[in-house]
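give me the fold of what follows.
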Amino acid sequence: MHARLLILLAACQDKGSPLTDTATPDTDTAPVPSDDTADTDTPVTWTPLTGSCEAPDGLGEHPLTLVGEDQHIQEIPGSWFMEMVDVEADRDRGLVYGAGQGGLTVFDVSDAAAPVLIGSNPERTANIGRYYRVEVGTDEVVFATHRDRGMTTFDASDPERPEIIGEFGPPGLEGMALLGDLMYVTNLYGGLHTIDVSDPSAPVGVDELSGLGSPWDIVLSDSGSTGYISDSQLGVVPVDLSDARAPLLADPVTVGGVQDIALSGAALYAAAGGVGVVVMDITDPLQPVVITTLDYAGSIQSVAVQDDVLWAVNQEDVIAIDIGDPLNPIPLGTSTTPEFAMHVGAGDGVAWVGDWSRLEAWQVDPSIASPDLELSISTILLDGEGDTLELTVYNVGAAELSLTGAESGDKRLTVDVTAMDIAPGGAAQLRLTYAGGADALLTSLCLASTDPDAPTQLIEVHSGSGGNHDAIGQPAPDFVLPDLDGNTWQLSEQLGAPVVLVYFATW
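Predicted coordinates for the structure are as follows:
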């Protein structure tokens with residue numbers, strides 16, 4: 001499946017927002033905030049950010065390291081179309097399983113510095129259809145789900161040639177969690193299936209719950225007495241597994257659209273999309289309590305715990321967070337991945353990231369405290385007659401970040417900032433002011449900072465005059481469109497409210 005997606009905002013327009021794992025992203029950026037300045041009684045003081053855009057001297061080390069990777073695309077001889085959206089490690093066998101457009105894939109990761117694809121089902125051919133989730137079972141059995149075909153079981157005793165041995169057929173099946181001989185499987189249509197997989201060649205449904213919104217995945221506590229469902233509509237939904245064959249849903253905790261959950265002791269970490277990483281106390285397992293939220297640009301969609309580190313991905317970056325004290329997380333830093341980081345899984349001493357066509361091994365050194373500038377913006381579009389735009393600059397590292405300069409190729413563009421130095425976990429506002437003019441604005445804005453991983457970052461800045469975006473700043477033409485429920489919406493009737501249009505095609 002491929003997709004192209006365009007998002008139009010009333011105040012500004014950017015390349016696109018992070019997508020779910022059902023679509024092919026065509027950008028590695030996040031939306032530009034149109035106005036991130038909070039209403040307060042304290043006047044905002046703006047300081048000009050000037051000077052050349054050169055990396056400052058004395059930059060320290062960065063805590064994150066890409067240890068190894070294996071890429072598979074059609075352009076590589078002997079390779080094919082992969083597009084991974086889920087990864088799970090089998091630590092006992094030194095394997096990582098992937099799910100995506102390439103089917104079920106199997107990697108030998110006994111050497112994290114040199115992961116190697118060794119097998120797949122079906123065998124390597126183009127456009128063979130997508131699996132969405134993979135779960136490692138026992139006795140060398142692996143499970144995968146497909147939203148049209150249900151759950152498939154594989155005999156992976158020969159990892160080079162995993163073979164299909166069983167199926168369980170309802171459409172919409174997504175995330176899985178195994179408890180003994182029982183597999184719990186979420187259904188995107190609002191359900192939870194309990195399946196007896198004691199005979200993996202003939203899975204049998206034993207229970208089915210309704211009442212969920214759009215559940216993506218389920219994880220289980222170490223005791224197996226409680227499950228937690230990540231629901232993109234309801235948030236985090238606890239599940240009482242006191243009777244393992246007849247689960248009961250508890251009251252959900254609404255924290256945004258949750259796509260993934262990881263556990264560490266009495267802490268639950270929810271990948272809550274644009275909300276960020278939500279940290280909850282599950283001392284009372286069926287009544288999670290929100291402790292804090294870690295805000296990152298982009299949409300957090302996967303989390304995993306590896307030793308005392310929480311890993312997360314947001315399609316743009318891989319993120320490391322120190323959870324030595326599980327309920328008091330400390331951000332360590334982020335690194336931008338080459339493609340679209342869709343899922344992260346925990347391995348022995350590393351985090352495995354499914355980065356679209358790549359399987360990557362990442363490590364972090366928590367003893368290194370460094371600043372980390374987060375912009376996640378590649379293009380800003382301004383009104384050709386003159387415009388002002390404010391956006392947020394985040395420090396998602398563990399040391400103070402200093403902004404050391406800004407430079408653009410057009411003197412009509414000026415840059416001001418609310419703070420030159422940003423504390424760990426803090427943020428500052430960046431204001432771009434464009435004076436307008438007869439000639440179109442087409443330049444790059446370069447920001448310099450003490451971020452050792454990316455001391456200079458570029459943002460393309462232009463007006464739409466004479467280009468493909470010449471309607472920027474102009475009233476949108478009126479239209480009427482139906483939604484998926486058959487209701488019609490007219491643009492002119494939405495005056496005063498933000499409007500988002502999503503265009504996509506799949507095949």
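
from residue 68, how far out is the most centrally placed residue in the chain?
For the chain, residue 314 is the residue whose C-alpha lies nearest the centre (C-alpha atoms, centre = their mean; 2.4 Å). Distance from residue 314 to residue 68, counting by C-beta to C-beta, to the nearest Å: 22 Å. In this view, the C-beta of every residue, glycine as well, is placed from N, C-alpha and C.

and residue 249, by the same measure?
Distance, residue 249 to residue 68, using C-beta to C-beta: 41 Å.

how about residue 439?
Distance, residue 439 to residue 68, using C-beta to C-beta: 48 Å.

the more surrounded of the two?
More crowded of residue 439 and residue 68, by other C-beta atoms under 10 Å: residue 68, with 17 against 12.

contact partners for the residue lying closest to that one once chain neighbours are set aside?
Nearest non-adjacent residue to residue 68, counting by C-beta to C-beta, 6 or more residues apart in numbering: residue 113, 4.1 Å away. Shown in contact with residue 113 (C-beta atoms under 8 Å, 6 or more residues apart in numbering): 67, 68, 361.

if residue 263 is in a bridge, with which residues?
residue 268 (DSSP bridges).

that one against residue 269, yeah?
Yes - the criterion here is C-beta atoms under 8 Å, and residue 263 meets it with residue 269 at 7.5 Å.

all helices of the protein, in order?
In the chain, no helices are defined using DSSP state H.

for it, what's the longest strand?
In the chain, with assignment by DSSP state E, the single longest strand is strand 330-341.

parallel or antiparallel, which strands does that one pair with?
Strand 330-341 pairs in its sheet with strand 315-322 (antiparallel), by DSSP bridges.

how about the contacts made by residue 133?
With C-beta under 8 Å, 6+ apart, residue 133 has these contacts: 86, 99, 144, 145, 174, 175, 176, 217.

scratch that, residue 219 is what I was asking about
177, 227, 228, 230, 261, 262, 263.

now the two most distant members of these.
The distance between the two most remote of the contacts of residue 219 (C-beta to C-beta) is 13.4 Å, for 227 and 262.

what's the burial count for residue 481?
Residues near residue 481, counting by other C-beta under 10 Å: 10.

verify the contact between it and residue 489 for me.
Yes - using C-beta under 8 Å, residue 481 makes contact with residue 489 at a distance of 5.7 Å.

the closest residue to residue 71 other than its chain neighbours and residue 70: what is the separation?
Distance criterion C-beta to C-beta, 6+ apart; nearest residue to residue 71, sequence neighbours excluded, is residue 358 at 4.4 Å. Residue 358 sits 7 Å away from residue 70, going by C-beta to C-beta.

residue 151 too?
Distance of residue 151 to residue 70, given as C-beta to C-beta: 27 Å.

the more surrounded of these two?
Using other C-beta under 10 Å as the criterion, residue 151 and residue 70 rank with residue 151 on top: 25 against 20.

pLDDT wise, what is that one at?
Residue 151 is assigned a pLDDT of 97 by the prediction.

surely it meets residue 186?
No - Residue 151 is beyond contact range of residue 186, at 10.9 Å (criterion: C-beta under 8 Å).

mind putting the contacts of residue 113 into JSON lines with distance to residue 328?
Listed next are the contacts of residue 113 as JSON lines, based on distance: C-beta to C-beta, whole Å:
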{"residue": "67", "distance to residue 328": "27"}
{"residue": "68", "distance to residue 328": "31"}
{"residue": "361", "distance to residue 328": "27"}
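
keep only those of those that are in strands.
Within the contacts of residue 113, residues falling in strands by DSSP E are 67, 68, 361.
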